[in-house]
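K.L.:
show me the folded form of this:
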Amino acid sequence: MGRDKASVVIAGQPLWQRQLATLRATGAQELFISGKLDGPYADSGIEIIVDSSPGRGPLAGLEAALRRARQPLLLVLAIDLPDVTSAFLADLVHRSSTSGLGIVPRRDQWFEPLAAVYPQTCLPLVEECLRGEDHSMQHFVREAVARNLLEERTLTFTEQALFRNLNAPSDL
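P.N.:
Next up, the predicted model:
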């Protein structure tokens, strides 16, 4: 993208504000940002948590968030998924609360692990994966599903459009 994605403006609003509004609309009980302390959200009044294992990608952010969360379930929403709706996320939380497991959307052979719900019981597996060679979220999620910590939720054709990802200026 060439700059911090959190500062990218979509429909007149920086992504970080847009994503917080989406999370607030789900009724989330606690909100925090996993990111750099000096990010564009630094003066927002929202707590910022930094990775406890820097340089290991989103899995390190998940580790820090699970350590910080006081609730049994952690709802995660990546900064670069601006089309994910609060209704979709609230459905994930409802399903997860009902089953007692975390839930992660799946499209074909790939998971969408950055708009998902993770139970606190995933923390030991996150730590294990961070000690290993493969720090990818795909690897972690496959392990969590295999260990019955997460369940998959297949995306409908219509829902797949919610997962437009912003990685380059041409994606805007």
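
K.L.:
and residue 6, which of the three is it?
P.N.:
helix (DSSP: H, G, I helix; E, B strand; the rest coil).

K.L.:
distance check, it against residue 97.
P.N.:
Separation of residue 6 from residue 97 (C-beta to C-beta, to the nearest Å) stands at 29 Å. The way it works is simple: take the backbone N, C-alpha and C, and place the C-beta from them, glycine included.

K.L.:
what about these two, which has more around it?
P.N.:
residue 6 (19 against 13; other C-beta atoms under 10 Å).

K.L.:
wait, doesn't that one sit right on residue 40?
P.N.:
Yes. Using C-beta atoms under 8 Å, residue 6 is in contact with residue 40, at 5.0 Å.

K.L.:
list residues touching both of these two?
P.N.:
14, 16 (C-beta atoms under 8 Å, 6 or more residues apart in numbering).

K.L.:
lowest-pLDDT helix or strand in the protein?
P.N.:
For the chain, scoring each helix and strand by mean pLDDT, DSSP states H and E identifies strand 9-10 as the least confident one, at a mean of 84.

K.L.:
low-scoring stretches of the protein, by residue?
P.N.:
The chain contains residues with pLDDT under 70 at 1-4, 166-172.

K.L.:
can you rerun that using 50?
P.N.:
1 (pLDDT under 50).

K.L.:
mind checking what helix or strand follows the longest helix along it in sequence?
P.N.:
Assignment by DSSP state H gives helix 86-99 as the longest helix of the chain. Next helix or strand after helix 86-99 toward the C-terminus (DSSP states H and E): strand 102-107.

K.L.:
and that following strand, which residues are buried?
P.N.:
Neighbour counts using 16 or more other C-beta atoms under 10 Å place 102-106 of strand 102-107 among the buried residues.

K.L.:
and what of stretch 142-160?
P.N.:
Of all the residues in stretch 142-160, those buried under the rule 16+ other C-beta under 10 Å are 142-145, 149-151, 153, 155, 159.

K.L.:
next structured bit after the least confident helix or strand of the chain?
P.N.:
Taking DSSP H and E, what comes next after strand 9-10 is strand 13-14.

K.L.:
helix or strand next in line after that following strand, which one?
P.N.:
Per DSSP H and E, the first helix or strand lying C-terminal to strand 13-14 is helix 15-24.
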